[in-house]
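Q: how would this look folded up:
(chains A, B, C and D)
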Protein chains: 4
Amino acid sequence: MLRIGVIGYGYWGPNIVRNFTAANGSEVKMVCDMNQQTLKKVKKAYPQVSVTDNIDELIKNPEVDAVAIVTPVFTHHDLAKKALEAGKSVFLEKPFTYTVAEAEDLVELAAKKNLKLMVDHTFLYTGAVRKIRQLIDDNILGNLYYFDSVRVNLGLFQHDVNVIWDLAPHDISIMDYVIGEKPQAVVATGVGHFDRNLEDIAYLTFYYPDNVIAHINVNWLSPVKVRTTLIGGSKKMLVWNDLEPDEKIKIYDKGVNVKTKEGQYNLLVDYRSGDMWAPKVVQTEALKLMAEKFVDYVKNGGTAVNDGIAGLNNVRMLEAANKSINNKGEITYI
Amino acid sequence: MLRIGVIGYGYWGPNIVRNFTAANGSEVKMVCDMNQQTLKKVKKAYPQVSVTDNIDELIKNPEVDAVAIVTPVFTHHDLAKKALEAGKSVFLEKPFTYTVAEAEDLVELAAKKNLKLMVDHTFLYTGAVRKIRQLIDDNILGNLYYFDSVRVNLGLFQHDVNVIWDLAPHDISIMDYVIGEKPQAVVATGVGHFDRNLEDIAYLTFYYPDNVIAHINVNWLSPVKVRTTLIGGSKKMLVWNDLEPDEKIKIYDKGVNVKTKEGQYNLLVDYRSGDMWAPKVVQTEALKLMAEKFVDYVKNGGTAVNDGIAGLNNVRMLEAANKSINNKGEITYI
Amino acid sequence: MLRIGVIGYGYWGPNIVRNFTAANGSEVKMVCDMNQQTLKKVKKAYPQVSVTDNIDELIKNPEVDAVAIVTPVFTHHDLAKKALEAGKSVFLEKPFTYTVAEAEDLVELAAKKNLKLMVDHTFLYTGAVRKIRQLIDDNILGNLYYFDSVRVNLGLFQHDVNVIWDLAPHDISIMDYVIGEKPQAVVATGVGHFDRNLEDIAYLTFYYPDNVIAHINVNWLSPVKVRTTLIGGSKKMLVWNDLEPDEKIKIYDKGVNVKTKEGQYNLLVDYRSGDMWAPKVVQTEALKLMAEKFVDYVKNGGTAVNDGIAGLNNVRMLEAANKSINNKGEITYI
Amino acid sequence: MLRIGVIGYGYWGPNIVRNFTAANGSEVKMVCDMNQQTLKKVKKAYPQVSVTDNIDELIKNPEVDAVAIVTPVFTHHDLAKKALEAGKSVFLEKPFTYTVAEAEDLVELAAKKNLKLMVDHTFLYTGAVRKIRQLIDDNILGNLYYFDSVRVNLGLFQHDVNVIWDLAPHDISIMDYVIGEKPQAVVATGVGHFDRNLEDIAYLTFYYPDNVIAHINVNWLSPVKVRTTLIGGSKKMLVWNDLEPDEKIKIYDKGVNVKTKEGQYNLLVDYRSGDMWAPKVVQTEALKLMAEKFVDYVKNGGTAVNDGIAGLNNVRMLEAANKSINNKGEITYI
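A: Numbering: from 1, shown residues only, chains lettered A, B, ... in the order given. Now for the predicted structure:
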């Protein structure tokens, strides 16, 4: 039984506590939060869990085997460092850290201490993303052309980060996982309103080798919620609509063959349009699967798709995008 | 009765001929095309129309009062110039011309000759775009935050231009019309596949004064057809889905008030979420309305939202976007 | 070349004229209508077609090989009888006739005269209905459980018939074609508003052998247009949404196995839920295919899925449904 | 604090326990179930709740003020009677009872004992149904024409009742609440498969005064889940799609005026088609609201839209529908 201490019980913390409670092989031992009202809520819902407002008490608690950090991103590095130094593996809410330097520091420290880091890239544990990765691995889609993701809704505005740091970690983690290559550069544009110097709308374009392109549209000011990703390949194309209760992924036998190119007016383009197919997608709760993977990863080692390195890559892309947006779309190499 | 000569009877020409035939106040007198088979088709469908494969014969025909040019963009300037010089007002398929210099030349010549130019920005004559413009003029939406347009489908690949020149003239003309301001700069990204040096996917971000931003996503490699525009304002937000048979425009009483900002943790964001409303939108065929407007414009003067100046502005933005995409997203001032 | 005379150029007539003009092997020779304005419209659109307001002139015209009747249903029998007696094969708008007796009379007369009858059950020539029939023939769906069709919209109110006679001929012709069995009985309910003694809403249940059931929901007072049919089988189930531009048919690998039934509380129901699949459906215009089939049927004989017998069966079911609705849902054997 | 004893912790019981726990003014004191494993689950999730497999122990428990019965319908009457006789008010899962006679018996007994009965017609506590009722009360829809409800999905097959008794109590309770009149008669059709003599598909038509008609389509064998109700009125029409996350209700300014009716060919039908409007609908959990209403109703009296009389009416309509279906659609007066 891996005994988890959870720091932070705000918006997302309850989900983490619930899932480490429900997961096979883990239990939540202690929860830390600054807010006394919050701690009372924890106590009522989970009478068996200890609570504290003292971070050190949680981190040094000998009954806590590993620490989950579900606090604002600018606190991640320091809290995780403390936990690692106390000999505890760490699960971190996304984004992993606020800078690449912080991320590198944690990865290095964890390696030195032989401890594990995992970042909450939840989508990598959904049936939909797993299925997409498998379709690409099995070469069903053929050569990739593009990845185009839209993640827009009304709010939730964050205190400390712009919409890129809030929403794009999801898209970037998915893109990173399914494309399986590293982007070379990013161009990002966007603006903020409300005098906060924090963008509430942003558009990111990642350039990959071989003319693969990825685009991410994140927006806190949309009247409608959209969670749609288009992926185009030479053999098939797919649409993933995460808001569909069933049939989240639709695969289209559609494509283009540009046949002969001798002379401007002899362009022959052949459009292929066949069946559509929506494979059954596993619907198990991703957060629970991830909690169980964390237990296994801490106990038995091996690899995890959302380990510290994945978190570092994610932050690297976020940082580059942020640099580009600050420079009005200047291309930024990663 | 304004007697129209139409040059070009390829993909779009039949629609122009049909609508100048149906419109009140105009008739099609002559059609010119290089292809003899095409001319036979014209003759069969419209026995009363003369046909020719000689451009000069059409342009100099004294029974032709005005010329409609429905040919590839790189021919627009020369054909329109000829027509203007022959004293005929000109209707041009979009995009207006291939370069800003060409566009300026035509606008100047038309002014000198006191003739009219009109460019086929069809959407400006749809009930949906008119309604959006009216909602903005009436300050229903409040201060604009953004304009976000997606226009993707499978093909049709063009011989001579990339996806920006093919699809974005629509979005740019609509954006230009409804926002009612000029953008300051553009950042464009995109890639081509199929070894043609012509982008088949592109993303354009236009920066406007006062933190208004416009984004256009055009793609020839999408398995699904999407024609959706989101427009956010301080008072209301709207979604225009042009593929909906009814209820093309939905207006949401949704918004955000960022209230107090004293200190990072006292951010109070107030989300407003009320009724949605889909106003009745006029469904008359836009092309017919535009044909009738052309007649009126040529005969009686006045102003047209899609005159030569509008065409020039459109080309200016296309040219800037193209320059940016060639420079990997470098910001390009307009 | 089969030369067609068309009687009636109201709401649907123009489609019949257009398609017999476009079809390979046929041409429209003459159009008859009572309304002089209408005849002028015909003349303008089709200068080569003769027009008349005298039915006999059309029917007896030696240049007319076959007659298409596109008039209100209560005139069908008499007009068709005249045409048959003049030695002309007949194409009739649906519903075939207003009574079973009339339908039997026409079928008998055509047989005696060795002439052909065809009724405009257009849907039987669509790619969607053909695909559904093929899926059933190939036993992809397994044993049929039910057929459930919804055809509702705002209007068009008919002068002379209720919503059953207006809309249900479509559903009944499709049901008859794809199920491939004859129903034993019908129960119909419905009401009219507007003091016309004509139902504007109706619900029809057809009982087939082996517990197959078909239900049809027709309504002239719906704010939204729906054209959706569900078909359940033991192996697969399908949804046909005719308003979808693509993916009209979706086939679900879903089902139920009721396993053991020993005792009320040991019911084991096994739900199967697998992939969904939308086969490519041919999009050719059904009316043109049907026109060409009529030419072939008249010239070369053979069989047609929408021959006089199919029309008679359709009317038999309409008449039974009407009898049931008049008797407040009394079961009516067919 | 109203102390609740819950009998039955199967499919729906956990929701009842959770909501009487969360509701203001109530707590769950004891849970009774036959299954020891189930009782362990209760104990783990709610350590403070007593458990038993002895119904009398729960019903006679002096710490239990009121009893919630969440068991199969054929046990409802006897359990509720016991509870009433022990002086406890009773909350019952729908359907209220299995026969009208049982329902009448309970209503009479509760009245005699001055105790309360409430039946779980959950939908009456949703924002959507409340809004519809209000629209009708405020005469926004005008005179009602029809109510047309579709509730289909794959399973869940019940052990003891057909699809009418399982699904239609929802539609009937909603119809009863929003129409505000009593139906005069019902015609029901349907069939069963799987040799159980239990219908898995059924269609119900209720006749109301003034040509109002209500139709209910319930089906356990649908590949897709549908929860859609159309309501037509003389002034407005609405569509309620309960599966929409937002915009559950859409109100259409659409209608028909049948103007003059002098002679068959002078029918003038005027179609009105204006804006659509989706009012904001309250999203609070209905079950919690209902639990709190039960507390209030037991403690303070007054009226409840889902009292024993409502339950009795519901069962009366179910029984009549069942009688009609057994008689192949024979009209059954209520």
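Q: Could you report the neighbour count for the closest residue to chain D within chain A?
A: Going by C-beta to the nearest C-beta, chain D is nearest to A:Pro47 of chain A, at 7.0 Å. All C-beta atoms are positioned from the backbone trio N, CA, C, and that covers glycine. Residues near A:Pro47, counting by other C-beta atoms under 10 Å in any protein chain shown, number 9.
Q: likewise A:Leu287?
A: 20.
Q: three-state assignment of it?
A: Following DSSP: H, G, I helix; E, B strand; the rest coil, A:Leu287 is assigned to helix.
Q: Find the nearest non-adjacent residue to it, please.
A: Computed as C-beta to C-beta, 6 or more residues apart in numbering or on different chains, the closest residue to A:Leu287 that is not its neighbour in sequence is A:Asn19, at 4.3 Å.
Q: Ok, A:Gly232 next?
A: Nearest-residue entry for A:Gly232: A:Tyr145, 4.0 Å, with adjacent residues in sequence omitted and distances by C-beta to C-beta, 6+ apart.
Q: Could you do A:Trp12 as well?
A: Per C-beta to C-beta, 6+ apart, closest to A:Trp12 is A:Val70, 5.4 Å.
Q: what sits against that neighbour?
A: A:Val70 makes contact with A:Val6, A:Ile7, A:Gly8, A:Tyr9, A:Gly10, A:Trp12, A:Gly13, A:Ile16, A:Glu93, according to C-beta atoms under 8 Å, 6 or more residues apart in numbering or on different chains.
Q: Select from those residues the one having the most neighbours.
A: A:Ile7 (28 neighbours).
Q: any idea how far that residue is from A:Asp166?
A: 20 Å (C-beta to C-beta, to the nearest Å).
Q: now A:Val152
A: From A:Val152 to A:Asp166 the distance is 12 Å (C-beta to C-beta).
Q: Overlap in contacts, those two.
A: A:Val218, A:Trp220.
Q: Start from the N-terminal end of the stretch 51-200 of chain A and give the strands.
A: Remark: strands assigned in the stretch 51-200 of chain A by DSSP state E, counting those that start in this stretch are A:66-69, A:89-92, A:117-119, A:144-154, A:185-191.
Q: one step back: how many neighbouring residues does the residue nearest to A:Leu287 have?
A: By other C-beta under 10 Å, 22 other residues sit near A:Asn19.
Q: what does the helix or strand harbouring it rub up against?
A: Assigning secondary structure by DSSP states H and E places A:Asn19 in helix A:13-22. Contacts of helix A:13-22 with the rest of the structure, by C-beta under 8 Å, 6+ apart, involve A:4, A:6, A:9, A:26-28, A:31, A:33, A:42, A:46, A:49, A:68, A:70, A:91, A:93, A:120, A:285, A:287-288, A:290-291.
Q: how distant is it from the center of its chain?
A: 18 Å (C-alpha atoms, centre = their mean, to the nearest Å).
Q: And the average pLDDT for that helix is what?
A: Throughout helix A:13-22, pLDDT has a mean value of 94.
Q: following it, which helix or strand shows up next?
A: Counting by DSSP H and E, the next helix or strand C-terminal to helix A:13-22 is strand A:26-32.
Q: can you give me the angle that next one makes with helix A:13-22?
A: Here strand A:26-32 points in a direction 150 degrees away from that of helix A:13-22 (axes from the mean of the first three to the mean of the last three C-alpha atoms, to 10 degrees).
Q: Now do the very next helix or strand once past strand A:26-32: everything it contacts.
A: Where DSSP H and E defines the elements, the next helix or strand beyond strand A:26-32 is helix A:36-45. Helix A:36-45 is contacted from outside by A:Tyr9, A:Gly10, A:Val17, A:Val31, A:Asp33, A:Val49, A:Val51, A:Thr52, A:Asp53, using C-beta under 8 Å, 6+ apart.
Q: Stretch A:101-116 now?
A: Residues outside stretch A:101-116 that contact it (C-beta under 8 Å, 6+ apart) are A:66, A:76-77, A:80-81, A:84-85, A:87-90, A:96-97, A:117, A:294, A:297-298, A:301, A:304, A:307-309, A:311-312, A:315-316.
Q: Only whichever of the residues you listed are buried, select them in PyMOL.
A: In PyMOL syntax, the buried subset of the contacts of stretch A:101-116 is picked out as below (16 or more other C-beta atoms under 10 Å in any protein chain shown):
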select buried, chain A and resi 66+76+77+80+81+84+88+89+90+96+97+117+294+297+298+304+307+308+309+311+312+315+316
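Q: Inside helices: which ones of the contacts of stretch A:101-116?
A: Residues of the contacts of stretch A:101-116 located in helices (DSSP state H): A:76-77, A:80-81, A:84-85, A:294, A:297-298, A:308-309, A:311-312, A:315-316.
Q: Who does the nearest residue to A:Ala80 once chain neighbours are set aside form a beta bridge with?
A: Nearest non-adjacent residue to A:Ala80, counting by C-beta to C-beta, 6+ apart: A:Val90, 4.8 Å away. Going by DSSP bridges, A:Val90 is paired in beta bridges with A:Val67, A:Leu117.
Q: List the contacts of A:Val90.
A: Listed by C-beta under 8 Å, 6+ apart, the contact partners of A:Val90 are A:66-69, A:80, A:83-84, A:106, A:110, A:115-118.
Q: so what's it scoring on pLDDT?
A: A:Val90 carries a pLDDT value of 98.
Q: what about A:Ala320, which SS state?
A: The local conformation at A:Ala320, judged by three-state DSSP, is helix.
Q: Using CSV, write out the CA atom coordinates for the strand ranked longest in chain A.
A: Longest strand in chain A by number of residues (criterion: DSSP state E): strand A:221-233. The C-alpha coordinates for strand A:221-233 follow below in CSV (Å, rounded to 0.1, in the frame of the first residue of the first chain):
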residue,chain,number,x,y,z
LEU,A,221,-13.3,33.7,-23.6
SER,A,222,-15.4,31.3,-25.7
PRO,A,223,-19.1,31.1,-25.2
VAL,A,224,-19.0,27.4,-26.1
LYS,A,225,-16.8,24.6,-24.8
VAL,A,226,-14.9,22.9,-27.6
ARG,A,227,-12.5,20.0,-27.2
THR,A,228,-11.7,18.9,-30.7
THR,A,229,-8.6,17.6,-32.3
LEU,A,230,-8.1,16.9,-36.0
ILE,A,231,-5.2,14.7,-37.1
GLY,A,232,-4.4,14.3,-40.8
GLY,A,233,-2.3,11.5,-42.3
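Q: Partner strands of that strand and their direction?
A: Looking at strand A:221-233 with DSSP bridges, its partner strands are strand A:144-154 (antiparallel), strand A:237-241 (antiparallel).
Q: Quick check: buried residues in stretch A:288-307?
A: Those would be A:288-295, A:297-298, A:304-307, for stretch A:288-307 by 16+ other C-beta under 10 Å.
Q: can you put those residues in CSV and add distance to chain B and pLDDT?
A: Shown next, in CSV, are the buried residues of stretch A:288-307 (distance: C-beta to the nearest C-beta, whole Å; pLDDT from 0 to 100):
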residue, distance to chain B, pLDDT
A:Lys288, 29, 95
A:Leu289, 29, 97
A:Met290, 28, 98
A:Ala291, 29, 97
A:Glu292, 34, 97
A:Lys293, 32, 98
A:Phe294, 29, 98
A:Val295, 33, 98
A:Tyr297, 33, 98
A:Val298, 32, 98
A:Ala304, 32, 98
A:Val305, 27, 97
A:Asn306, 28, 98
A:Asp307, 30, 98
